[in-house]
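A.B. asks: here's a sequence, model it:
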Amino acid sequence: MTVTDGGRAATRLAPRRPGFGIGLAWALVSAASFGFSGTLASGLITAGWTPALAVTLRITIGALALLLPTVRALRGRWTLLRANAGVIGLYGLLAVALPQTCFFFAVQRLPVGPALLIEYVSPLVVLGWWWLRHRQTPTRLMVAGSVVAMTGLLLVLGITTPEPLDLVGVLWAASGTIGAAAFFLLSARPDTGLPPIVLAGDGLVTGGALLGVLGLAGVLPLAAGAATVGYGGAAVPAWGALLALGLVAGALAYSAGIAASRRLGSRLASFVGLSEVVLAFGYAWLLLGQVPRWTQVLGALLILAGVTLIKLGEPGPRPPCADGGGIVGGRP
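C.D. replies: The predicted structure is shown next:
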């Protein structure tokens, strides 16, 4: 982690926060759960389920699973919902509905790993936002990280190969970078007073309701596919895949991610979240047979190295929203 001394960035280990071990465990659980979403969604889409229906059911099932825990965590403090209606609305739109929908439409056309990696260049987007809003000039380490990450992205996209990735799929994945950045920024905000489970539950309710309205209005195509889905050569009931998508890659993933960000801060939590990329590649390899090209593996390593340099190069003095202001990684 990066700290400063007289304006000069220096890299060293920061003092551990209370609950560091628990926060680290939650971060790993969140990464493993989120990494599973692309493989589950890709299998359903291949079986004829539309991305819009898959993502709507994922969010809706996750919201239902968190409904009772959310009510219990509030303990009758309904004023918290009114006071934080804006944060909850933004979380549901930017951190839930937007990145998940874009990611599911992306894996309809792209392998899971590259689709996720495109979203993982979101630190570059946040870097520009920081510069425009807070007039904070990027450090040399951050600029170097940006160059390394962009080089890796070119390799992942297949610019140097005869068969580059599908352009429409790339645009879908790129559109999710805003939501990927918003996840950590909003999750780590210390000033809301909302228990993590409440923000996750209400965010999923908001996101699911928005997608449901768009689906009923005909903006998003909602169509079911086959009753079974193939994963790793085995036929799995579609309802089982949907439950895993909603409960594991939805309710558990978001709750664990928020709990981790509250204990570790957005910077450290997003560092641990980089393991999601490795896990996502592994899931897709084992269950979908999506073997990455060596150039994509090299590109993935460069993107992760670039994101790491960007995080290490963050200047110490940050905007008033302390832990909510770090450069973050992706989160579909």
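
A.B. asks: how far does the helix or strand hosting residue 34 sit from the chain's center?
C.D. replies: Using DSSP states H and E, residue 34 falls within helix 20-46. Here helix 20-46 is found 9 Å from its chain centre; the criterion is C-alpha atoms, centre = their mean, to the nearest Å.

A.B. asks: buried residues, it. List them.
C.D. replies: Neighbour counts over helix 20-46 (16 or more other C-beta atoms under 10 Å) mark 23-45 as buried. (Each C-beta comes from the backbone N, C-alpha and C, glycine too.)

A.B. asks: I'd say residue 113 and residue 280 touch.
C.D. replies: Yes - with contact defined as C-beta atoms under 8 Å, residue 113 reaches residue 280; the gap is 5.9 Å.

A.B. asks: need the residues touching each of the two.
C.D. replies: When contacts are counted by C-beta atoms under 8 Å, 6 or more residues apart in numbering, residue 113 and residue 280 have residue 38 as shared neighbours.

A.B. asks: now do the helices in the stretch 51-200 of the chain.
C.D. replies: 51-74, 79-83, 85-90, 98-107, 112-119, 122-134, 140-157, 167-175, 177-187, 196-216 (DSSP state H, counting those that start in this stretch).

A.B. asks: same question for the fifth one, mean pLDDT?
C.D. replies: The pLDDT scores in helix 112-119 average 86.

A.B. asks: okay, the angle between that helix and helix 177-187?
C.D. replies: Calculated by axes from the mean of the first three to the mean of the last three C-alpha atoms, to 10 degrees, helix 112-119 forms an angle of 70 degrees with helix 177-187.

A.B. asks: and for the fourth one?
C.D. replies: Relative orientation of helix 98-107 and helix 177-187, computed by the same axes, to 10 degrees: 150 degrees.

A.B. asks: elements contacting helix 98-107?
C.D. replies: Applying 3 or more C-beta pairs under 8 Å, 6 or more residues apart in numbering; DSSP states H and E, one finds that helix 98-107 contacts helix 20-46, helix 51-74, helix 112-119, helix 167-175, helix 177-187.

A.B. asks: mind redoing it with 10 Å?
C.D. replies: helix 20-46, helix 51-74, helix 112-119, helix 167-175, helix 177-187, helix 196-216 (3 or more C-beta pairs under 10 Å, 6 or more residues apart in numbering; DSSP states H and E).

A.B. asks: of these, flag the one that's most buried.
C.D. replies: Mean neighbour count (mean count of other C-beta atoms under 10 Å) peaks for helix 112-119 among the helices and strands packed on helix 98-107, with a mean of 29.

A.B. asks: and the gap between the residue nearest to residue 179 when sequence neighbours are not counted and residue 273?
C.D. replies: Nearest in space to residue 179, with sequence neighbours left out and distances taken as C-beta to C-beta, 6 or more residues apart in numbering, is residue 99 at 3.1 Å. As judged by C-beta to C-beta, to the nearest Å, residue 99 and residue 273 stand 13 Å apart.

A.B. asks: what do you get for residue 101?
C.D. replies: Computed as C-beta to C-beta, the residue 101 to residue 273 distance reads 20 Å.

A.B. asks: try residue 242
C.D. replies: 24 Å.

A.B. asks: more neighbours, these two?
C.D. replies: residue 273 (28 against 22; other C-beta atoms under 10 Å).

A.B. asks: surely the more buried one and residue 24 touch.
C.D. replies: No - Residue 273 is beyond contact range of residue 24, at 11.4 Å (criterion: C-beta atoms under 10 Å).

A.B. asks: next, the contact list for the residue nearest to residue 65 when sequence neighbours are not counted, please.
C.D. replies: Once flanking residues are discounted, residue 65 sits nearest to residue 251: 4.1 Å by C-beta to C-beta, 6+ apart. By C-beta atoms under 10 Å, 6 or more residues apart in numbering, the contact list for residue 251 reads 33, 58-59, 61-67, 69, 197, 200-201, 204.
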